[in-house]
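Trainee: attaching a predicted model along with its sequence, questions to come.
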Amino acid sequence: MATRKKSKDTEAGASLFALLPHEGKAEAVLRERAGFWALSREAASEARRELYVHFRLGEAGQFGFPYRQVEEILPAGNLAKVPCTPEFIAGVVNQRGNFLTVIDLKHFFQTAEATYPETASIIVIKGGSITAGIIADEIHGNAEYDPDALGAPLAAGNISNQQYVLGTHDGTVTLLDADALLSDPGLMVNKAGQQQTQPYISKEE
């Protein structure tokens, strides 16, 4: 009986061993598996990718807002200054019959001299129930990013409140979060430039 049981165990072991890849076959199988997992990771990354609007502030400040937070882009030529407002309020523009408040991120972030070229544009963003414009020196177009592959917000330069930052793309573009930015209490001002309980920027009823 012992001999027969040992023989069966040996046969089972031999059968399992035969299923394992050997020599050249092993290398081919491992390469195939590695390729499969690489493609799976790449496909998962592609599925997560999002578009963002890439723009410039100052000489070297590269920023972006996710497309899902952007409504449209307007020319800044019709921007009208509003008296008795904080420096970070660049003015207002007429957006199809409604006045849209435009924020100057250079002043708000205190990252660069707050001057803009004649070719500046306004990026209309929405965070929660609030809509506002962001004035930008130049629109670079759009690009894709993987939310799970963004660099740490701490690498985002001189922005003091890192809650505004989703992360950094390719180590050069700081992706901003419109929800966090537009809900900042610092954007709540009255006509005398003093803090109040209602936001100066547009809010949907």
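Mentor: Thanks, I have the structure now. Numbers count the residues shown, from 1 in each chain.
Trainee: for Ala114, which three-state class applies?
Mentor: Following DSSP: H, G, I helix; E, B strand; the rest coil, the label given to Ala114 is coil.
Trainee: so who does it touch?
Mentor: Contact partners of Ala114, counting by C-beta atoms under 8 Å, 6 or more residues apart in numbering, are 87, 104, 106-107. All C-beta atoms are positioned from the backbone trio N, CA, C, and that covers glycine.
Trainee: what is the most widely separated pair among these?
Mentor: The most widely separated members of these, counting by C-beta to C-beta, are Glu87 and Lys106 (9.4 Å).
Trainee: which one's more surrounded, those two?
Mentor: More crowded of Glu87 and Lys106, by other C-beta atoms under 10 Å: Lys106, with 22 against 12.
Trainee: show me the contacts for the more buried one.
Mentor: So Lys106 contacts 57-58, 112-114 (C-beta under 8 Å, 6+ apart).
Trainee: next, count neighbours for Ile134.
Mentor: 26.
Trainee: distance of it from Ala152?
Mentor: 23 Å (C-beta to C-beta, to the nearest Å).
Trainee: one more: Asp184?
Mentor: Look at Asp184 and Ala152: by C-beta to C-beta, they are 21 Å apart.
Trainee: looking at the two, which one has more neighbours?
Mentor: Asp184 (14 against 10).
Trainee: not counting its neighbours along the chain, what's nearest Tyr145?
Mentor: Leaving aside its chain neighbours, Tyr145 sits nearest to His169 (4.6 Å; criterion: C-beta to C-beta, 6 or more residues apart in numbering).
Trainee: for the one you found, give the beta-bridge partners.
Mentor: Note on His169: beta-bridge partners Val173, judged by DSSP bridges.
Trainee: thought Pro73 was touching Ser121?
Mentor: If you look again at residue 73, you'll see it is Ile, not Pro. Yes - Ile73 is within contact range of Ser121, at 5.5 Å (criterion: C-beta atoms under 8 Å).
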